[in-house]
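[1] Quick one, structure for this:
(one chain, ligands or ions: 2)
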Amino acid sequence: MSSHDVDLGRIEKAVREILYAIGEDPDRDGLLDTPARVARAYAEQFSGLGQNPEDVLNKVFDVDHDEMVLVKDIEVYSTCEHHLVPFHGFAHVGYIPNDRGQVTGLSKLARLVDVYARRPQVQERMTSQIADALMHVLEPRGAIVVLECEHLCMTMRGVRKPGAKTVTSAVRGDFRTSDKTRAEAMALILGRL
Ligand SMILES: Nc1nc2c(ncn2[C@@H]2O[C@H](COP(=O)(O)OP(=O)(O)OP(=O)(O)O)[C@@H](O)[C@H]2O)c(=O)[nH]1
Ligand SMILES: [Zn+2]
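    Ligands and ions are numbered 1, 2, ... in the order given. Take a look at the predicted model:
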């Protein structure tokens with residue numbers, strides 16, 4: 001489904017129902033346009049459902065570089081699929097190009113993160129999906145993805161632990177088989193090199 005396939009009318013109706021259910025009046029001035037706003041916001045928030053990683057990683061260049069490429073501190077906003085509230089933080093994405101030196105544009109790594117962030121998600125799955133997409137499309141010697149996020153479902157409600165960060169990682173190829181390569185990437189991610 002692409003964002004223009006999102007059923008805006010259906011979301012609007014549902015949001016009106018939610019407003020009634022919480023004891024609000026959806027027809028009062030301040031809330032009149034809210035269902036339509038929420039529908040547009042959801043279409044944007046979940047637009048990744050209509051996107052394929054191939055579409056964003058499609059620009060592959062041949063560069064004479066077969067060493068690690070790492071883009072770190074990519075700001076990420078996603079939506080927890082359990083509570084439909086945001087989780088946000090940073091993604092660090094790295095890979096080692098294959099022997100043909102095939103690399104993608106740096107911005108495409110951030111776009112790839114968004115393809116998976118703009119869906120109802122759990123952090124673990126999102127981390128693996130980004131790594132697997134990199135492996136599939138770029139066929140690199142390895143890929144590493146680290147996500148560190150704060151989940152609003154753990155901070156604004158529920159257990160209420162502001163500041164608690166969830167860190168997940170996915171390592172593929174050389175990053176999985178070589179302790180040294182993984183350690184180098186982690187040192188770069190942590191800013192210790
Ligand atoms: N593993 C994982 N858990 C998540 C993620 N996002 C939210 N959760 C957790 O999903 C769980 C859902 O637990 P439930 O007991 O079904 O729901 P709940 O009663 O709202 O739980 P509380 O948040 O503890 O109040 C909670 O423990 C959340 O912290 C995620 O990305 N990964
Ligand atoms: Zn949640």
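[2] Neighbouring strands - and their directions - for the helix or strand where residue 74 lies?
    Taking DSSP states H and E as the criterion, residue 74 maps to strand 69-80. Strand pairing for strand 69-80, determined by DSSP bridges: strand 86-96 (antiparallel), strand 120-121 (parallel).
[3] Is the last one positioned near ligand 2?
    To tie it back to what came earlier, the one meant is strand 120-121. No. Strand 120-121 lies apart from ligand 2 when judged by CB under 5 Å from the ion; the minimum separation is 9.8 Å. No exception for glycine: its C-beta is placed from N, CA and C like everyone else's.
[4] centre of the chain versus that strand, how much separation?
    Averaging C-alpha positions (CA atoms, centre = their mean, to the nearest Å) puts strand 120-121 9 Å from its chain's average.
[5] right, and the helix or strand after it?
    helix 123-138.
[6] Quick one: list the elements packing against that next one.
    If contacts are counted by 3 or more CB pairs under 8 Å, 6 or more residues apart in numbering; DSSP states H and E, helix 123-138 sits against helix 53-56, strand 86-96, strand 102-104, helix 106-117, strand 142-151, strand 166-173.
[7] Thought residue 154 was touching residue 82, still the case?
    No. If you go by CB atoms under 8 Å, residue 82 and residue 154 don't touch, sitting 10.5 Å apart.
[8] From the chain's centroid, how far away is the strand holding residue 74?
    Worked out by CA atoms, centre = their mean, strand 69-80 lies 6 Å from the chain centre.
[9] pLDDT averaged over that strand, what's the number?
    Across strand 69-80, pLDDT averages out at 97.
[10] orientation of that strand relative to helix 106-117 in degrees?
    20 degrees (axes from the mean of the first three to the mean of the last three CA atoms, to 10 degrees).
[11] what separates the closest residue to ligand 2 within the chain from residue 20, distance-wise?
    Residue nearest to ligand 2 within the chain (CB to the ion): residue 153, separated by 2.9 Å. The spacing between residue 153 and residue 20, counted by CB to CB, to the nearest Å, is 24 Å.
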